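Asks: model this:
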Amino acid sequence: RCPECGSGALVEDAHYAQQQLVCAACGCVLAEGLLTTTYTDEEHLREVAYSQSTGQREQQSRCLQRGIRRVQDLCKVLQLPSVFEETAVSYFQRALQLPAFHLVSLEKKELLGGCCVFVTCRQHNWPLTMGTVCSLLYARQELFASVFLSLQRELGLSVPALSLADLVTTHLNSFRLLQPSAAVPAPFLEDKEQLLARTVAIVELASEAWLVTGRHPVPIVTAAAFLAWQSLRPGPRLSCPLARFCRLAGVDLPPPAHLRLKELLEILLAMASRLPWLRGLALDRRSVVKHVGDLLQHRVFLLRAAFSQQGQKEEEEKEEEEGQQDTAPGQDCPEQGSVGPDSLHKDSQVKGSQDKDSPGQGLRPLLPPCLIHPRKRPRLAAPSAAAEPGTGDEPISDSEIEQYLRSPEEIRALSKARAW
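Replies: Alright, predicted model coming up:
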């Protein structure tokens, strides 16, 4: 019955496709259609929150459809298998159901599909880098990394790290030097398998020599590929600089690649000084490239032999210093003559000539470069909290009060005050 007039003449009226219950006697609207209802509650006319309403579901469904199309298009561009596409779509659907991705910006929702593709490729050991996905989506790597970490945390995904060997394979696949072309001279063409195997070996050597830890991998891979390419046919390629090599290969030259190349050549020179059939040769950074194959073949022994000399010589110097301290100067020994300035001078000359002749003298220990060559300008510490301004009423300690006393009269007055 109508609560206003008590009439039982109630009719249903469709007003703008919304069912309303109206009293025919007085025109009172008893119940009207609700805009925020779910599909299941629509028949019972129960009010629900907007996040559970049909409007919110329709909005999510439009976002879901647009995101699925973006994931599918990205998989087609990368030429990924259909299994990868299905897995990435399922990750995207699961992510959009979480409250953490409901109120994010539109830019982050667009990057969410790329993160799902990135995670899928990593889980299937498909060599795909974050920079490749960001270049396809025209996205900043910082923002992409934040969305990726949020997706990994919310879904509890286990994402394995990309190995250097896979990264080398991906990076070399884009080289134009591996395919015959009119822009590439014939002596510069190289077999893909040989270049890949030699580059991987040089990258592993750089990793064992602490040149990879904490650094961007692309400059290291570029420098290693350049050394491998030169060492396979050193005759016509030694005169080719790194910049021309990158230009012929069709890849960008990272700015730190020259520094990584210099560090790799220093490691190779140190290893060459310990190889018996190379000790008599005057090798430099250019000629050592010809012997990269031999150095890589014996790299385990050469690294240990070249970079362990520093520690051995320090121990020998300590033992000699201890022996000199135990033996008093000028004391006669039964087997040796008296120790005088002439004999000490001769010993120092002999020792200096032995140090010059001994290979590996002056080599650095096998440590990260940041410890061997620290920064000339150390990083400033974080600014501490500003001290509270003084009021002038702070107590002065006894050790500091003498700094404020200048005249003898003040000193005598202070001594009298203390005695009193």
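Asks: Could you pull out the helices in the stretch 1-150 of the chain for me?
Replies: Using DSSP state H, counting those that start in this stretch, the helices of the stretch 1-150 of the chain run over residues 54-77, 82-96, 106-123, 130-137, 141-155.
Asks: Of all these, which one is nearest T222?
Replies: Judged by CB to CB, the one of the helices of the stretch 1-150 of the chain that comes nearest to T222 is helix 130-137, at 13.6 Å. Where you see a C-beta, it was placed from the backbone N, CA and C, and this is true even at glycine.
Asks: quick one, that closest one and helix 106-123 angle?
Replies: Note on geometry: by axes from the mean of the first three to the mean of the last three CA atoms, to 10 degrees, helix 130-137 and helix 106-123 are set 140 degrees apart in direction.
Asks: residues of helix 130-137 that come out buried?
Replies: Applying a neighbour-count criterion of 16 or more other CB atoms under 10 Å, one finds M130, V133, C134, L137 buried in helix 130-137.
Asks: distance of the nearest residue to G131 once chain neighbours are set aside from V147?
Replies: In space, G131 comes closest to Q141 once its chain neighbours are excluded; the distance is 6.7 Å by CB to CB, 6 or more residues apart in numbering. According to CB to CB, to the nearest Å, Q141 and V147 sit 11 Å apart.
Asks: rewinding a little: weakest of the helices of the stretch 1-150 of the chain by average pLDDT?
Replies: Lowest mean pLDDT within those: helix 54-77, at a mean of 75.
Asks: Which members of the buried residues of helix 130-137 are the farthest-apart pair?
Replies: Across the buried residues of helix 130-137, no pair lies farther apart than M130 and L137, at 10.7 Å, counting by CB to CB.
Asks: Show me the common contact partners of these two, please.
Replies: When CB atoms under 8 Å, 6 or more residues apart in numbering defines a contact, the residues bordering M130 and L137 alike are F144.
Asks: how many other residues sit next to the nearest residue to R176 once chain neighbours are set aside?
Replies: In this structure, R176 finds its nearest non-sequential neighbour in G250, 4.2 Å apart by CB to CB, 6+ apart. Using other CB atoms under 10 Å, G250 has 13 other residues around it.
Asks: can you pull the contacts of G250?
Replies: The contact partners of G250, by CB under 8 Å, 6+ apart, come to S174, F175, R176.
Asks: Format these as TSV; extra columns: pLDDT.
Replies: Shown next, in TSV, are the contacts of G250 (pLDDT from 0 to 100):
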residue	pLDDT
S174	78
F175	85
R176	83
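Asks: For the residue nearest to G131, give its distance to V133.
Replies: Between Q141 and V133 the computed distance is 9 Å (CB to CB).
Asks: Correct me if wrong: L253 contacts L242.
Replies: Yes. Using CB atoms under 8 Å, L253 is in contact with L242, at 6.8 Å.
Asks: Sweet, I'm off.
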